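*Asks:* need coordinates for the below:
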Amino acid sequence: MNTPDRPILHFDAETAPPPTPSLRGVWSDSMGRSAARCGQVLLIAVVCGAGIWLLLQVYVVVIAAFVALIFAAATYPLVRWLVRKGFPRLLAALTTFLVLFVLLGGAVGEVVIAVRNEWDNLSTSAAAGWQQLQSYISAGPLPIDTTAVDNLVKQATGFLTSGTFVTGALTGITLATEVATGLVLMVVILFFFLKDGPVLWNFTLRWFQGETRARVAESGDRTIQILGGYVRGTVIINLIEAIVIGVPLALLGVPLAFPLAVIVFVFGFLPIIGATLATTLAAVVALVTNGWVTAVIIIALAVAVNQLESHLLQPVVMGRTLSLHAIVVLLALAVGTLVSGFFGAVLAVPLAAVAWAIIQVWTSTYQTGEDPVLGEDPVSPASRVEAKANIAERWKYQQMRYQQLWEDRPGRRGRVSTTLTEPTAPTEPSSPA
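*Replies:* The predicted structure is shown next:
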């Protein structure tokens, strides 16, 4: 059969173009693997950034939920105790909620009433004390000019009467609205945490199996343990400090003794610097109202309380709750203050402690014990996360780890859950085909 003439192409091996590398070959060399890894890192960074941005948009809800979780972790032992005494869970949660509300509401109301009743006396004493301080500085051995301080006071007074202060006040109104919204939301979430906390956690754990379920359960247990222990320990320490400072203030006749004691209690939730700021404020009030002798007494009491807290209260009351180095506490406090102000400073330390506990649960690369080269382990055995679980919790985690293997063993295939009953045999034999 005749075929049409077709041009015959001849290729020379020397002049032929090199073969085009496949896509798989491009990504298989060192440069390709590096590029793929960089792409993965960038994708993870984008996803994390988007998540952080989303959380910042709803930060009121996030803060309200976390504060509710802290209060629930601190007060849930009371709910559990009431349930053991025969209370229905709803009544136990409602009782705990009302007790907490009465305590907090009573303290805030007492502070507001005391401030309103003694504000005139405090302002008059402050003005007289400022004049005495000016006279003492002017007649002192050092030639100090108080003109700059007077100018600063005049500038502050002008700021309070200017439009800038009005704008700041409007911003404060917006912030107050957000705080009120978050407070209402926190109250609602706290009630449901107290009432249905175990049910919600049970629902969450059912999305995981085996080793993952065990680690998620341990992470949750350590979170509740750290948050509850931190709040309860801090409340006990702050209450002791408030009594030690507040009682001498009242005995010495310093105005606003009870509100100042409450301020000492509240500021104690700021680690390291909170108690110092509160006692400094109490000393200033004592100075401008009762003189420098009372102020020196308050400062001496503050130093004694600080030593008491550092060497006795913190080790005995807090124990192994935080397990954080002082530099970690300072860094967490600084970051929390820069990110969210006062609330960030209050929540930063327990968040850092929770993060450290979760890291220990999910990683096993840290080499514990004494090293022949590095020496002694900086993390004490008592502060490790595995030492904070009791025998019942360890047995629960082991059951979760081996539950899937137990269900998948021969003879149990096809089962959905261990809670299901055994399949019954048919009543009549099936007919042959």
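*Asks:* from now on I want contacts and neighbour counts done on CA atoms only, so please keep to that.
*Replies:* Fine.
*Asks:* and the closest residue to Asp371 other than its chain neighbours, which helix or strand is it part of?
*Replies:* Excluding the flanking residues, the one nearest Asp371 by CA to CA, 6 or more residues apart in numbering is Asp377, at 7.3 Å. For Asp377, there is no enclosing helix or strand under DSSP states H and E.
*Asks:* contacts only, for Asp377.
*Replies:* Neighbouring residues of Asp377 by CA atoms under 8 Å, 6 or more residues apart in numbering: Thr368, Gly369, Glu370, Asp371.
*Asks:* likewise for Val379?
*Replies:* Neighbour list for Val379: Thr368 [criterion: CA under 8 Å, 6+ apart].
*Asks:* could you look up the SS state of it?
*Replies:* Of the three states, Val379 takes coil according to DSSP: H, G, I helix; E, B strand; the rest coil.
*Asks:* report pLDDT for it.
*Replies:* Val379 carries a pLDDT value of 80.
*Asks:* specify the local secondary structure of the residue lying closest to Gly210 once chain neighbours are set aside.
*Replies:* With CA to CA, 6+ apart as the criterion, Gly210 has its nearest non-adjacent residue at 4.3 Å, and that residue is Arg401. Three-state call for Arg401 (three-state DSSP): helix.
*Asks:* low-confidence bits of the protein, can you list those?
*Replies:* Within the chain, the segments meeting pLDDT under 70 span 1-28, 114-115, 118-175, 272, 311, 313, 315-321, 407-433.
*Asks:* the spatially most central residue of it: which element?
*Replies:* For the chain, Leu351 is the residue whose C-alpha lies nearest the centre (CA atoms, centre = their mean; 3.3 Å). According to DSSP H and E, Leu351 maps onto helix 326-362.
*Asks:* pull out the buried positions in that helix.
*Replies:* Within helix 326-362, the residues that qualify as buried by neighbour count (16 or more other CA atoms under 10 Å) are 329-330, 332-333, 336-337, 344-354, 356-358, 360-361.
*Asks:* show me the contacts for the residue nearest to the centre of the chain.
*Replies:* Counting by CA under 8 Å, 6+ apart, Leu351 touches no other residue.
*Asks:* tell me which element the nearest residue to Val111 once chain neighbours are set aside is part of?
*Replies:* Take Val111 and drop its neighbours on the chain: the residue closest to it by CA to CA, 6+ apart is Pro259, 5.0 Å away. Using DSSP H and E, Pro259 falls within helix 257-267.
*Asks:* how far off centre is that helix?
*Replies:* Relative to its chain's centre, helix 257-267 lies at 22 Å (CA atoms, centre = their mean, to the nearest Å).
*Asks:* check which helices and strands the very next helix or strand once past it sits against.
*Replies:* Per DSSP H and E, the first helix or strand lying C-terminal to helix 257-267 is helix 274-290. Packing partners of helix 274-290 (3 or more CA pairs under 8 Å, 6 or more residues apart in numbering; DSSP states H and E): helix 89-138, helix 257-267, helix 292-308.
*Asks:* and of the ones you listed, who's closest to Val216?
*Replies:* helix 89-138 (24.9 Å; CA to CA).
*Asks:* ok so, going back, gap between the residue nearest to the centre of the chain and Leu333?
*Replies:* 10 Å (CA to CA, to the nearest Å).
*Asks:* in PDB, could you pull the C-alpha coordinates for stretch 193-206?
*Replies:* Extracted as PDB, the C-alpha positions of stretch 193-206 are listed here (Å, rounded to 0.1, in the frame of the first residue of the first chain):
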ATOM      1  CA  PHE A 193     -20.400  25.700  83.200                       C
ATOM      2  CA  LEU A 194     -21.400  24.900  86.800                       C
ATOM      3  CA  LYS A 195     -24.600  23.100  85.800                       C
ATOM      4  CA  ASP A 196     -23.500  21.200  82.700                       C
ATOM      5  CA  GLY A 197     -19.700  21.200  82.800                       C
ATOM      6  CA  PRO A 198     -19.200  17.400  82.900                       C
ATOM      7  CA  VAL A 199     -21.800  17.000  80.200                       C
ATOM      8  CA  LEU A 200     -20.100  19.500  77.900                       C
ATOM      9  CA  TRP A 201     -16.700  17.800  78.500                       C
ATOM     10  CA  ASN A 202     -18.100  14.400  77.900                       C
ATOM     11  CA  PHE A 203     -19.500  15.600  74.500                       C
ATOM     12  CA  THR A 204     -16.100  17.100  73.600                       C
ATOM     13  CA  LEU A 205     -14.100  13.900  74.500                       C
ATOM     14  CA  ARG A 206     -16.400  11.700  72.300                       C
END
